[in-house]
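Novice: Whatever this is, show me its structure:
(2 chains)
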Amino acid sequence: MKRKDIYLLAGLITAGLLIGLIVFFSGKPGNTVSVRVDGREVMTFSLEKEQEYEIQGEDGRYNKIIIRNGEVWMEEASCPDHLCMKMGHLSKSGQSIICLPNKVVIEIHGQENEVDEIAK
Amino acid sequence: MKKWKLIILTGILLLTGCQSKTPVTKELFAMDTYMTMTAYGKDAEKALDQAAAEIRRLDQLWSVGQEKSEVSQINQSGSGPVSPETGELMDLSLSLYEATDGALDITIYPVMDLWGFTGKDRKVPSDEELEQTLAKVDASRIRYDGQTVTLEEGQGIDFGAVAKGYTSGRVMEVLAENGVTGALISLGGNVQCMGTKPDGSLWRVGIQKPDGGEGYLGVLTLTDKAVITSGGYERYFEENGKTYHHIIDPSTGFPADSGLTSVTIVSEEGALADGLSTACFVMGKDKAYELWKKSPDRFDMILLTEEGELYITAPLQGMFTSDMEFSVLEE
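Specialist: Residues are numbered from 1 along each chain as shown, chains lettered A, B, ... in the order given. Predicted coordinates for the structure are as follows:
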């Protein structure tokens, strides 16, 4: 083996280890809240950090979500039925709040879901 | 020397670029609900695009909210031709009407409309309005010759209780045709799965608790099945302190009050699972059990009563786990 080959090999191994370490340490803490509008992710938050977020849509449509004490809920919404506001406070990975009229989906993502999908 | 590098680099590329082990997901809003689809396979992305196109095509056939849909045309003019897919749904709906003694009735649509569950303002109808409208509810009075559907004066139809289940079955066909090896979809909470995950493991489907509490009624570990749950907790409204949900009993015109709070049907046939989940919710535990005993090979059930008793049919043993106690319904 030439010296250059050894450098390349060592470089690759170090890079691999580094990536492994980053993945191991960065992904861990807690769940994230994904906010999607009409199928597009517009924002993600940590479920551990207190947060208020307003989504403004066309024709005066809006939704306001609150994240507090490891829970997320729909605080206000312009939709007529307000079903999304009745979906309660969520804290578990895989749970979601959906506001159909405004096409807003709030979903908690975590390390490991207990189930792949929920029948309801 | 060159070979060395090549082998290592190829190895790294293979490890990072193994496409079929990462799921492709797609979500869309159609049929008045939110849908998510996950698929594994070489052409999963193309397969999901085709599945989404198929969903939109079927939505346009059956949507009561779109004036040009086949169903709307029939409702407006009292009669109309049907496409093969609508014909299939018609056949299934009429046979379920028979099998469930009218607990599943697609002519309930005008009553749903009266309650406002079709999208308008929700309200409890007056006795007089309800009586008049209910008099027209009877699927046995639909005339259907395989090509044309003819309704009686004042009748209207809606495939809402079977369309999503039928569609999830169609989606599975489209995905399989495109080489998908494993898929899990949820059409507004109507779940259907096929194949396995890349590691060969089965799908885990949780059943939502009707009260929205922590955890699940139970978890099913399975594949190649539709899992469809009906409950009064999904769409409802309150008036004068009373709650009214959207599953209307065709025999009374009022929200079903059969003693069940959640019904899950597990079946290879999506449309059947969808229709039966509604029908069994209306029928109640005893009649649902009788129905199951007539064709235990076609479907299975998970039932929860108002008293909190949980029942599963015998073949589900081994694929159902729950923190709650449950009883097994034998054949």
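Novice: Phi first, then psi, for residue 45.
Specialist: All of this refers to chain A. Dihedral pair for A:Phe45: phi -130, psi 160, per degrees, to the nearest 10.
Novice: switch to chain B, that's the one I care about
Specialist: phi -60, psi -50.
Novice: isn't it right next to B:Val24, touching?
Specialist: Yes - assessed by CB atoms under 8 Å, B:Glu45 is found in contact with B:Val24 at 5.0 Å. Quick note: C-beta positions are derived from backbone N, CA and C, even for glycine.
Novice: Looking at the two, which one has more neighbours?
Specialist: Neighbour totals were compared for B:Glu45 and B:Val24, and B:Val24 leads with 20 against 15 (other CB atoms under 10 Å in any protein chain shown).
Novice: tell me the contacts of the more buried one?
Specialist: B:38-40, B:44-45, B:48 (CB atoms under 8 Å, 6 or more residues apart in numbering or on different chains).
Novice: Quick one: buried ones out of the residues you listed?
Specialist: B:38-40, B:44, B:48 (16 or more other CB atoms under 10 Å in any protein chain shown).
Novice: Give me the subset of those residues lying in helices.
Specialist: Among the buried ones among the contacts of B:Val24, the members found in helices (DSSP state H) are B:44, B:48.
Novice: Contacting chain A as well, which ones from the buried ones among the contacts of B:Val24?
Specialist: B:Thr38 (CB under 8 Å from any CB of the partner chain).
Novice: any chance of the buried ones among the contacts of B:Val24 in CSV, with pLDDT too?
Specialist: Below are the buried ones among the contacts of B:Val24 laid out as CSV (pLDDT from 0 to 100):
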residue, pLDDT
B:Thr38, 96
B:Ala39, 97
B:Tyr40, 96
B:Ala44, 95
B:Leu48, 97
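Novice: Taking the buried ones among the contacts of B:Val24 together, which two end up most distant?
Specialist: Spatial extent of the buried ones among the contacts of B:Val24 (CB to CB) is set by the pair B:Tyr40 and B:Leu48 at 10.9 Å.
Novice: For the stretch 1-150 of chain B, which segments count as helices?
Specialist: B:2-16, B:44-62, B:70-77, B:84-99, B:109-115, B:127-134 (DSSP state H, counting those that start in this stretch).
Novice: Quickly compare the ones you listed and say which is most buried.
Specialist: Counting by mean count of other CB atoms under 10 Å in any protein chain shown, helix B:109-115 has the highest mean neighbour count of the helices of the stretch 1-150 of chain B, with a mean of 21.
Novice: So is that helix next to chain A?
Specialist: No - using CB under 8 Å from any CB, helix B:109-115 stays clear of chain A, coming no nearer than 13.4 Å.
Novice: got the CA coordinates for that helix in PDB?
Specialist: This file holds the C-alpha atoms of helix B:109-115, laid out as PDB (Å, rounded to 0.1, in the frame of the first residue of the first chain):
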ATOM      1  CA  TYR B 109     -77.600  10.300   2.700                       C
ATOM      2  CA  PRO B 110     -80.700  12.700   2.900                       C
ATOM      3  CA  VAL B 111     -80.900  12.100   6.700                       C
ATOM      4  CA  MET B 112     -77.100  12.800   7.100                       C
ATOM      5  CA  ASP B 113     -77.800  16.000   5.100                       C
ATOM      6  CA  LEU B 114     -80.600  16.900   7.500                       C
ATOM      7  CA  TRP B 115     -78.300  16.500  10.500                       C
END
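Novice: what residues does chain A put near chain B?
Specialist: Counting by CB under 8 Å from any CB, chain A sits next to chain B at A:1-2, A:5, A:8-9, A:12, A:36, A:38-39, A:81, A:83, A:87-88, A:92, A:94, A:98, A:100, A:103, A:105, A:114-120.
Novice: residues in contact with the residue lying closest to B:Ser277 once chain neighbours are set aside?
Specialist: Using CB to CB, 6 or more residues apart in numbering or on different chains and skipping residues adjacent in sequence, the residue nearest B:Ser277 is B:Ser230, 3.9 Å away. For B:Ser230, the contacting residues are B:247, B:262-264, B:277-278, B:280-281, by CB under 8 Å, 6+ apart.
Novice: In strands, which of those residues appear?
Specialist: If you go by DSSP state E, the contacts of B:Ser230 have B:262-264 in strands.
Novice: For these, which single residue is the most surrounded?
Specialist: In those, the most neighbours by other CB under 10 Å go to B:Thr264, 29 neighbours.
Novice: Can you give me the pLDDT of it?
Specialist: Note on B:Thr264: pLDDT of 98.
Novice: Please apply the same query to the one 5 residues further on.
Specialist: B:Glu269 carries a pLDDT value of 97.
Novice: ok now do it, which residues does it touch?
Specialist: Neighbours of B:Glu269 in contact, by CB under 8 Å, 6+ apart: B:165, B:169, B:226, B:298-299.
Novice: I'd like to know which of those are buried.
Specialist: B:165, B:169, B:226, B:299.
Novice: nearest to chain A, of those?
Specialist: B:Ala226 (9.2 Å; CB to the nearest CB).
Novice: Point me to the helix or strand that includes that closest one.
Specialist: Assessed by DSSP states H and E, B:Ala226 sits inside strand B:225-231.
Novice: Flag the shaky bits of chain B, pLDDT-wise.
Specialist: Within chain B, the segments meeting pLDDT under 70 span B:1-20, B:120.
Novice: rerun at 80
Specialist: Scanning chain B with the threshold set as pLDDT under 80 gives B:1-21, B:119-120, B:212-214.
Novice: from what I can see A:Asn63 touches A:Asn102, true?
Specialist: Yes - under the criterion of CB under 8 Å, A:Asn63 makes contact with A:Asn102 at 5.8 Å.
Novice: Please say which of the two ends up with more neighbours.
Specialist: It is A:Asn63, of A:Asn63 and A:Asn102, that has more neighbours when counted by other CB under 10 Å, with 25 against 20.
Novice: in which helix or strand would I find the more buried one?
Specialist: Following DSSP H and E, one finds A:Asn63 within strand A:62-68.
Novice: Can you list the strands that that strand pairs with?
Specialist: strand A:51-56 (antiparallel), strand A:71-77 (antiparallel) (DSSP bridges).
Novice: any idea how chain A splits into domains?
Specialist: Taking automatic domain parsing as the domain assignment, the ranges for chain A are A:1-29, A:32-109.
Novice: Show me where chain A has its helices.
Specialist: Using DSSP H, helices in chain A cover A:3-26.
Novice: In it, where is pLDDT below threshold?
Specialist: In chain A (pLDDT under 80), the answer is A:1-3, A:8-9, A:11-13, A:15-30, A:111-113.
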